[in-house]
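S.K.: Requesting a structural model of the entry that follows:
(one chain, ligands or ions: 1)
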Amino acid sequence: MSRYAHLTGWGMAVPDRVLTNHEIEQMVDTNDEWIIARTGIRERRIADKSDTTASLAAKAALRALQGTDVKAREIDLIIVATSSPEHIFPSTASLVQDRIGATEAGAFDLSAACTGFIFALNMAAQAIRSGSLNRALVIGSETLSRMVNWEDRGTAILFGDGAGAFLLEGRDWPGGVMSCVMRSDGSGGDLLSVPAGGSFMPTSLETLQKKLHLIQMDGREVFRFATRVMASATREVVELAGMSLEDVDLVIPHQANKRIIEAAARGLKLPLDRFALNIDRYGNTSTASIPIAFCEAFEQGRTRAGDRLVLVGFGAGLTWGALTLQLTEPERVVTPVERRRWWVFAVLARLRSVLRRVGRRLESWIFRARAKPE
Ligand code: ACO
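M.R.: Alright, predicted model coming up:
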């Protein structure tokens, strides 16, 4: 019997702090009119000390579960797509697993820059379709503001922080993820990178002084590449799904620059109102931008059960990809009381995590005491 990976829950989380273009005017030589005209961005959210990539991811994940009857311990897999992981290791996904109490889940991070959410969604969907697992949380989460050079006007204006999460579940009837295109071209790796901090160029005083631990970008080249691949990947993925562009109800593009999305719409000969757009309020939240745009489009009634969607993105690597998805009816209505229980689970998960840490210390202490020579 065929298995299908359906989208059954979704959620988003953004920091409270809003950073406007006018505030950026105080940091670098730029102005509100230029930023709006050249990017479409008016403001973005910036994480304060209490927000991290894992905390935003966990909030989005719990909200994705909130609208369903799935409990965190029933999740089989967590993939966090991120370009701003909390550490090289442990993975941010493992931290999320602990925070939400997904005790039965395997967890790992996926690094493909802004395209990461599409790649992660496809990996999770394939695992569900193969029958090897049944429920997966796919999360895009970023605190890129911590990797932005706030003296570089080419990048400081673009990025914002946030997270979005999708819950995929296996079903026996058609729907959910239908087709996917995944591509990369490493020859363009130098166009958008964080040069230092990895094994090639470990962090040193010199890399810090030269700000090589921060984002560097050739904006013009990335722009040219993006306008080329957004339309071609969309066409390709729609064809793979056996559909035509007219069948697509809504395109959820990566929110990097409004002009890139407009160029894709022109290239595809689709009206701009067939694209979800919220870059004006969040800027480029990298892996989080597609799930956040979807959550808002659903909230605003721009998409509903039965709709066929295209998710399309590009990013550093270079990477790009697209995915088609059919939304299906939820199987049962979740009551408002059930919706509010998520914070109870969050508190219980934190408690469980503390107890496990204490238990591990005790075990280690007892083991060492026993192992001591008389
Ligand atoms: N404010 C005012 N002027 C500026 C600014 C600014 N913030 N930035 C550049 N300029 C100036 C330039 O110096 C240049 O001046 P000049 O002609 O006197 O030399 C002029 O504006 C035009 O510069 P361009 O670089 O050609 O500006 P462009 O229209 O390309 O916009 C931008 C720059 C917004 C960065 C654009 O290239 C872009 O969006 N590129 C894509 C970036 C992107 O999508 N990156 C994310 C990828 S996803 C990921 O993996 C993280």
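S.K.: Going by C-alpha atoms from here, please, whenever you check contacts or count neighbours.
M.R.: Fine.
S.K.: what's the spacing between residue 73 and residue 238?
M.R.: 35 Å (Cα to Cα, to the nearest Å).
S.K.: quick one, which of the two is more surrounded?
M.R.: Between residue 73 and residue 238, counted using other Cα atoms under 10 Å, the more crowded position is residue 238 (25 against 15).
S.K.: which residues touch that one?
M.R.: Neighbouring residues of residue 238 by Cα atoms under 8 Å, 6 or more residues apart in numbering: 179, 244, 245, 310, 324.
S.K.: Next: residue 120.
M.R.: 79, 80, 81, 110, 138.
S.K.: Quick check: the farthest pair among the residues you listed?
M.R.: Spanning the widest gap among the contacts of residue 120 are 110 and 138, at 10.1 Å by Cα to Cα.
S.K.: Would you mind grabbing the residues shared as contacts by the two?
M.R.: 79, 80, 81, 120.
S.K.: Would you mind pointing out the helix or strand the first one falls in?
M.R.: Going back to what we said before, that points to residue 79. strand 77-81 (DSSP states H and E).
S.K.: mean confidence for that strand?
M.R.: Averaged over strand 77-81, pLDDT sits at 98.
S.K.: could you dump it to CSV, C-alpha only?
M.R.: What follows is strand 77-81 as a C-alpha-only set of coordinates in CSV (Å, rounded to 0.1, in the frame of the first residue of the first chain):
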residue,chain,number,x,y,z
LEU,A,77,12.1,12.4,13.7
ILE,A,78,13.1,16.0,14.1
ILE,A,79,15.1,17.8,11.5
VAL,A,80,16.1,21.4,12.1
ALA,A,81,17.3,23.2,9.0
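S.K.: close to the ligand, is it?
M.R.: No - counting by Cα under 6 Å from any ligand atom, the ligand is not contacted by strand 77-81; separation bottoms out at 11.7 Å.
S.K.: Could you list every helix and strand in contact with that strand?
M.R.: With contacts taken as 3 or more Cα pairs under 8 Å, 6 or more residues apart in numbering; DSSP states H and E, strand 77-81 sits against helix 92-100, strand 106-110, helix 116-130, strand 135-142.
S.K.: now stretch 149-164, how far from the chain's geometric center?
M.R.: In terms of Cα atoms, centre = their mean, to the nearest Å, the centre of stretch 149-164 is found 16 Å from the chain centre.
S.K.: scratch that, stretch 271-282 is what I was asking about
M.R.: 17 Å.
S.K.: need the residues of this structure near the ligand, please.
M.R.: So far as Cα under 6 Å from any ligand atom goes, the chain lies against the ligand at 30-31, 34, 38-39, 113-114, 153-154, 157, 219-220, 222-223, 256-257, 286, 315-316.
S.K.: Show only the entries of the residues you listed found in helices.
M.R.: Among the residues of the chain next to the ligand, the members falling in helices (DSSP state H) are 34, 38, 39, 153, 154, 219, 220, 222, 223.
S.K.: My guess is the third one contacts residue 262. True?
M.R.: No - between residue 39 and residue 262 no contact is recorded; they are 10.8 Å apart, counting by Cα atoms under 8 Å.
S.K.: The two: who's more crowded?
M.R.: residue 39 (21 against 16).
S.K.: count of neighbours near the nearest residue to the more buried one once chain neighbours are set aside?
M.R.: Distance criterion Cα to Cα, 6 or more residues apart in numbering; nearest residue to residue 39, sequence neighbours excluded, is residue 257 at 4.7 Å. Using other Cα under 10 Å, residue 257 is surrounded by 21 other residues.
S.K.: any idea how far residue 257 is from residue 282?
M.R.: Look at residue 257 and residue 282: by Cα to Cα, they are 11 Å apart.
S.K.: on that earlier part again, could you pull up the contacting residues of the residue nearest to residue 39?
M.R.: Taking Cα under 8 Å, 6+ apart as the test, what residue 257 contacts is 38, 39, 40, 41, 279, 283, 284.
S.K.: show me where pLDDT drops low in the chain?
M.R.: Residue ranges of the chain with pLDDT under 70: 331-334, 339, 374.
S.K.: circling back: please enumerate the shared neighbours of residue 257 and residue 282.
M.R.: residue 41.
S.K.: Do you have the helices of the protein handy? List them.
M.R.: Under DSSP H, the chain gives helices at 21-25, 32-39, 53-66, 92-100, 116-130, 153-156, 205-209, 219-240, 258-268, 279-282, 289-299, 336-340, 342-371.
S.K.: Would you mind giving the domain segments of this protein?
M.R.: 4-336, 341-371 (automatic domain parsing).
S.K.: what's the offset of the last one from the middle of its chain?
M.R.: Centroid displacement of domain 341-371 relative to its chain, using Cα atoms, centre = their mean, is 29 Å.
S.K.: ok so, going back, can you tell me which of the contacts of residue 120 comes closest to the ligand?
M.R.: residue 81 (11.7 Å; Cα to the nearest ligand atom).
S.K.: Indicate the residue of this structure located nearest to the ligand.
M.R.: For the chain, Cα to the nearest ligand atom, closest residue to the ligand: residue 315, 3.2 Å.
S.K.: what's that residue in contact with, if anything?
M.R.: By Cα under 8 Å, 6+ apart, the residues touching residue 315 are 112, 113, 114, 115, 286.
S.K.: show me the contacts for the second one.
M.R.: Contacts were defined as Cα under 8 Å, 6+ apart; by that measure residue 113 touches 81, 82, 83, 286, 287, 314, 315, 316, 317, 319.
S.K.: Could you tell me which of those belong to strands?
M.R.: 81, 314, 315, 319 (DSSP state E).
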